[in-house]
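Asker: test case, fold it:
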Amino acid sequence: MDLPNQTVLATVAVILFVTFYVYPQWRKSLSHIPTVGEMTWFGLPTQKSLLACRSVMLEGYHRHPNGFFKMPLFPFRWAVIANGRRLTEELSNAPDEKFSFTFPTGKLVQTDYTVGPEILTDRFHVPIVRTNLSRNIAAIIEELRDEMLQAFSVSPLNDQTKRDKEGFVSVPALATVQQLIARITNRVFVGKPICQDEEFCRLNTIYVFDVVKAANKINMFPDFLHPIIGPLFSPKKRYLDAMLRIVGPTMRKRRSILETNGPDALPNDYLSWNMAEAPEGYEKTDEGLAMRLLNINLGAINTSSVTFTHALLYLAAHPEYVGPMRAEIENVLDHEGWSKEGMQKMVRVDSFLRESARLNAISLTSINRYTLEDYTFADGTFIPKGTVVASSMYSTHLDEKIYPEPHTFNPWRFVNEAGKSRTGQAYTGTSAEFLSFGAGKHVCPGRFFAANELKAMLAHIVMSYDVKLDANANGVRPPNEYIGTSVIPNTAAHVLFRRHVP
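Answerer: Next comes the predicted model:
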């Protein structure tokens with residue numbers, strides 16, 4: 001038999017084996033879970049399913065409001081979606097020895113090759129963020145306020161040479177917010193002058209895009225090829241080298257101070273906390289510290305930028321909401337100033353951000369987990385080992401039984417008649433019915449820092465600027481963009497800023 005015929009027969013044999021044995025066996029383990037959405041014949045999501053995640057999730061939620069369904073989800077093939085308060089609470093509090101919190105992120109982002117496995121295998125940064133950031137909120141707000149004023153003053157939105165005849169300056173919404181968030185956030189992460197370094201901020205802003213592009217390419221290949229092709233697409237070395245050039249001298253200077261005078265002599269920022277508390281070994285090296293800083297920024301800048309841009313677009317589309325917020329902020333500042341107590345009393349600002357996050361979370365899913373062993377939920381549903389399980393945040397946030405008129409943006413939805421936040425419904429509050437920060441044991445540890453940062457920025461804009469959408473929007477908030485389960489504010493949207501004159 002000649003070689004071409006052998007190749008054809010071998011190919012046919014592989015196809016038959018996959019079609020009639022591997023694929024049926026793979027499907028069999030989840031055959032008892034109702035299906036919503038479509039797969040191709042060889043076990044990949046159809047293009048229609050990938051582009052229609054929202055409608056698939058809503059259909060599954062309405063058909064199985066307190067149960068499970070499975071849907072195609074790249075790159076996991078199937079994801080099992082848990083609906084309803086009871087199942088969501090059980091999933092969010094499930095034991096770590098049975099459900100992996102890190103695997104879905106590791107697979108989606110291909111952390112071994114794109115950002116380094118350490119960010120998931122040793123999460124020592126979590127208690128640092130949870131305790132140090134929270135403990136220092138009062139001092140942090142002062143730092144944020146100072147950097148915010150400087151960042152806004154040099155932002156393109158204040159470029160007076162670009163003013164139109166009404167005094168407005170048009171800027172791309174998402175890109176402008178990313179620049180501001182990168183600088184303001186890093187005042188707390190690395191301090192001055194690094195937070196004001198344009199190249200440092202640029203690197204930390206674009207890093208997420210190169211990571212996602214590399215991960216998507218790697219995920220197009222079967223797992224057994226990842227060790228071969230992963231390093232070819234990895235952006236890690238390029239970004240690490242750039243970070244070391246900028247941050248390396250500061251780390252070496254601080255290390256000398258730490259060794260001589262102890263941690264109390266270091267500046268009060270995340271880099272110092274990390275240097276003092278990182279475990280011995282790689283994480284103490286310049287490379288380990290730089291990668292941890294880069295990866296913390298990846299999460300903080302991306303999520304906060306997307307979240308704030310969503311809110312900014314609502315503000316620009318609804319000038320009628322500015323007056324009530326401005327009155328509240330003026331009253332708070334008169335009594336509390338820009339302080340921790342003042343941030344807590346900006347109830348309308350808080351509700352505005354929570355309502356924006358309800359309608360525009362960064363993802364359609366939340367509480368993403370991976371079963372490390374077979375698991376049976378309290379309702380008797382069996383989930384086999386090796387299954388991705390998540391909660392449908394999108395559908396939950398649009399449930400009219402939980403949120404009346406759920407598709408309507410109601411900025412004061414979470415303010416009671418007395419002008420206070422409704423019990424348990426402050427922006428940072430989490431539950432099985434508000435999942436923007438997750439829920440349960442792995443709820444976002446940095447949410448208090450993020451909330452204070454975003455509230456300070458929104459309050460500053462309301463007090464300092466008049467904002468509106470550009471003429472192309474016709475007064476209507478530009479529609480979101482959806483890629484798989486990601487929810488992205490319209491990347492073409494522009495917002496116009498003008499200094500507010502009382």
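Asker: can you give me the strands for the protein?
Answerer: Using DSSP state E, the strands of the chain run over 68-73, 77-82, 99-100, 169-172, 365-371, 375-376, 382-383, 388-392, 465-469, 481-483, 486-488, 494-499.
Asker: now do the longest one: distance to the chain's middle.
Answerer: Relative to the chain's own centre, strand 365-371 is displaced by 14 Å; criterion: CA atoms, centre = their mean, to the nearest Å.
Asker: what lines up beside it in the sheet?
Answerer: Looking at strand 365-371 with DSSP bridges, its partner strands are strand 99-100 (antiparallel), strand 388-392 (antiparallel).
Asker: isn't residue 369 right up against residue 99?
Answerer: Yes. Counting by CB atoms under 8 Å, residue 369 does reach residue 99; the two are 4.1 Å apart. For glycine as for every other residue, the C-beta is placed from the backbone atoms N, C-alpha and C.
Asker: the closest residue to residue 189 other than its chain neighbours: neighbour count?
Answerer: Leaving aside its chain neighbours, residue 189 sits nearest to residue 270 (4.3 Å; criterion: CB to CB, 6 or more residues apart in numbering). Neighbour count of residue 270, defined by other CB atoms under 10 Å: 25.
Asker: residue 270 touches residue 132, doesn't it?
Answerer: Yes. Counting by CB under 8 Å, residue 270 touches residue 132, with 7.5 Å between them.
Asker: per-domain residue ranges of this structure.
Answerer: By the assignment in automatic domain parsing, the chain contains the domains 1-28, 32-499.
Asker: the strands of the chain: which one's closest to residue 236?
Answerer: Closest approach to residue 236 among the strands of the chain (CB to CB): strand 486-488, 21.7 Å.
Asker: residue 223: how many residues sit nearby?
Answerer: 10.
Asker: isn't residue 106 up against residue 112?
Answerer: Yes. Counting by CB under 8 Å, residue 106 does reach residue 112; the two are 7.2 Å apart.
Asker: in this structure, which residue is most central in space?
Answerer: Closest residue to the average C-alpha location of the chain: residue 303 at 3.5 Å, with CA atoms, centre = their mean.
Asker: contacts only, for the closest residue to that residue other than its chain neighbours.
Answerer: With CB to CB, 6+ apart as the criterion, residue 303 has its nearest non-adjacent residue at 5.6 Å, and that residue is residue 362. For residue 362, the contact set (CB atoms under 8 Å, 6 or more residues apart in numbering) comprises 302, 303, 306, 307, 436, 486, 487.
Asker: separate out the buried members of the residues you listed.
Answerer: Buried positions within the contacts of residue 362, assessed by neighbour count (16 or more other CB atoms under 10 Å), are 302, 303, 306, 307, 436, 487.
Asker: ok, of the residues you listed, which one's closest to residue 459?
Answerer: Among the buried ones among the contacts of residue 362, and counting by CB to CB, the member closest to residue 459 is residue 307, at 15.4 Å.
Asker: what is the burial count for the nearest residue to that closest one once chain neighbours are set aside?
Answerer: Of all residues not flanking residue 307 in the chain, residue 357 sits nearest, at 6.1 Å (CB to CB, 6+ apart). By other CB under 10 Å, 22 other residues sit near residue 357.
Asker: residue 357 and residue 324, how far apart?
Answerer: Residue 357 sits 19 Å away from residue 324, going by CB to CB, to the nearest Å.
Asker: what do you get for residue 399?
Answerer: Counting by CB to CB, the gap from residue 399 to residue 324 is 27 Å.
Asker: is it possible to get CSV of the strands paired with strand 365-371 that adds mean neighbour count?
Answerer: Listed next are the strands paired with strand 365-371 as CSV, based on neighbours: other CB atoms under 10 Å:
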stretch, mean neighbour count
strand 99-100, 20
strand 388-392, 26
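Asker: out of the ones you listed, nearest to residue 380?
Answerer: Comparing the strands paired with strand 365-371 by their distance to residue 380 (CB to CB), the top pick is strand 388-392, with 15.3 Å.
Asker: redo the strands paired with strand 365-371 as CSV? Include mean pLDDT and distance to residue 465.
Answerer: Output for the strands paired with strand 365-371, formatted as CSV (pLDDT from 0 to 100; distance: least, CB to CB, whole Å):
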stretch, mean pLDDT, distance to residue 465
strand 99-100, 96, 44
strand 388-392, 96, 36
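Asker: looking at those, which is nearest to residue 223?
Answerer: Minimum separation from residue 223 across the strands paired with strand 365-371 (CB to CB) falls at strand 388-392, 14.3 Å.
Asker: now the closest one, how far from the centre of its chain.
Answerer: Centroid separation for strand 388-392 versus its chain: 16 Å, with CA atoms, centre = their mean.
Asker: tell me what angle it forms with strand 68-73.
Answerer: Strand 388-392 runs at 100 degrees relative to strand 68-73, counting by axes from the mean of the first three to the mean of the last three CA atoms, to 10 degrees.
Asker: got the contact list for strand 388-392?
Answerer: 57, 60-61, 73, 76, 78-83, 87-88, 91-92, 99, 104, 364-371, 383, 432, 435, 439.
Asker: returning to what we had before: need the strands paired with strand 365-371 in CSV with distance to residue 236, can you?
Answerer: Output for the strands paired with strand 365-371, formatted as CSV (distance: least, CB to CB, whole Å):
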stretch, distance to residue 236
strand 99-100, 23
strand 388-392, 25
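Asker: which one of those lies nearest to residue 319?
Answerer: With CB to CB as the criterion, residue 319 lies closest to strand 388-392 of the strands paired with strand 365-371, at 33.2 Å.
Asker: helices of the stretch 401-502 of the chain, residue ranges please.
Answerer: 447-464 (DSSP state H, counting those that start in this stretch).
Asker: next one: the stretch 1-150 of the chain
Answerer: 3-17, 23-28, 47-51, 53-63, 85-92, 103-109, 111-114, 118-121, 125-127, 134-135, 137-154.
Asker: quick one: list the elements packing against the last one.
Answerer: What it means is helix 137-154. helix 173-189, helix 340-345, helix 447-464 (3 or more CB pairs under 8 Å, 6 or more residues apart in numbering; DSSP states H and E).
Asker: what residues does stretch 283-295 touch?
Answerer: Residues outside stretch 283-295 that contact it (CB under 8 Å, 6+ apart) are 115-116, 118-119, 122, 124-125, 189-190, 203-204, 207, 236, 239-240, 243-244, 247-248, 251-252, 270-271, 274-275, 278, 281-282.
Asker: please repeat the previous calculation with a cut-off of 7 Å.
Answerer: Identification of contacts with stretch 283-295 by CB atoms under 7 Å, 6 or more residues apart in numbering yields 115-116, 118-119, 122, 125, 189-190, 204, 207, 239-240, 243-244, 247-248, 251, 271, 274-275, 278, 282.
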